[in-house]
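Engineer: I'd like to go over a predicted model; first the sequence, then the structure.
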Amino acid sequence: MTTAPTSIRRAGERGFADHGWLRSFHTFSFADYYDPAHMGFHTLRVINEDRVEPGRGFGTHSHRDMEIVSYVLAGELAHKDSMGSSGVIRPGDVQRMSAGTGVSHSEFNNSRAEEVHFLQIWIMPERGGLAPSYEQKHFPPAERSGRLRLIASPGGRDGSVTIHQDAEIRAALLAAGDRVSHELASGRAAWLHVARGAVTVGGTSLAAGDAAAFERAGTIEIAASEDAELLLFELA
């Protein structure tokens, strides 16, 4: 049985911060943006759509007790942290950092000409006090084209990155006319975020930055009305 969204979050309803070098849309309450009606969804706490100017970035700062996932849409983001991890995150890469008992890190756009466009995602961990850890994996377009590719899961199933929570993240690249579906079991919830393009789900049209929540069991049917990139979060 097909299930329809229980609520829709439009791109234009999100919080917005313009710091000059950083422009950020907040799906849920974050920093100076506070909306008690949008504090998160189940264990999904943050989806920030960030654009960072060339030669700028986030200086060293600290987090604890949070699963932080970065998903790059365009450009490159250089990462360094207090665990000794470093690397460059590019489109198709998924970075997972478990802040646990505490970690300091920085992210920087080293390009002289191109901004970096990425999604910063926070998921609450299964428990506090985990050991900090870092992981990065690449999921080429062929693995995400026309299908919902698992990119994060509790046990790192199917080559996904490991997150310390009963949650799964899937990514898809859809051409106009493509259809994908996901079976949502009883007791589970889902959040669909459209990163680019446009899709239709349950008779509702969603454009870039829009999101839909699902809290009833059934089949989530997604049809691309134009080329699209999306993330689907399944949560306890």
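Structural biologist: Ah, there it is. On a predicted model such as this, the values are computed, not experimentally measured, just so you know. Numbers count the residues shown, from 1 in each chain.
Engineer: pLDDT value on the residue positioned nearest the centre of the chain, please?
Structural biologist: In the chain, the centroid-proximal residue (CA atoms, centre = their mean) is residue 121; its distance is 4.6 Å. You'll see residue 121 listed with a pLDDT of 98.
Engineer: what does residue 162 give?
Structural biologist: 98.
Engineer: quick one, phi/psi of it?
Structural biologist: phi -90, psi 130 (degrees, to the nearest 10).
Engineer: what about the closest residue to it other than its chain neighbours, how many neighbours?
Structural biologist: Excluding its sequence neighbours, the residue lying closest to residue 162 (CB to CB, 6 or more residues apart in numbering) is residue 156, at 3.9 Å. Bear in mind the C-beta positions are built from the backbone N, C-alpha and C, glycine included. Using other CB atoms under 10 Å, the number of residues around residue 156 comes to 15.
Engineer: try residue 204
Structural biologist: The burial count for residue 204: 12, using other CB under 10 Å.
Engineer: Residue 103 too?
Structural biologist: Residue 103 has 22 neighbours, counted by other CB under 10 Å.
Engineer: What strands line up against the helix or strand harbouring residue 212, and which way round?
Structural biologist: With secondary structure defined by DSSP states H and E, residue 212 is part of strand 211-214. Sheet pairing of strand 211-214 (DSSP bridges) gives strand 7-9 (antiparallel), strand 189-196 (antiparallel).
Engineer: neighbouring contacts of the last one?
Structural biologist: Spelled out, that is strand 189-196. For strand 189-196, the surrounding residues in contact (CB atoms under 8 Å, 6 or more residues apart in numbering) are 5, 27, 41-42, 44, 47, 49, 71, 73, 119, 182, 184, 201, 206-215, 220, 222, 227-236.
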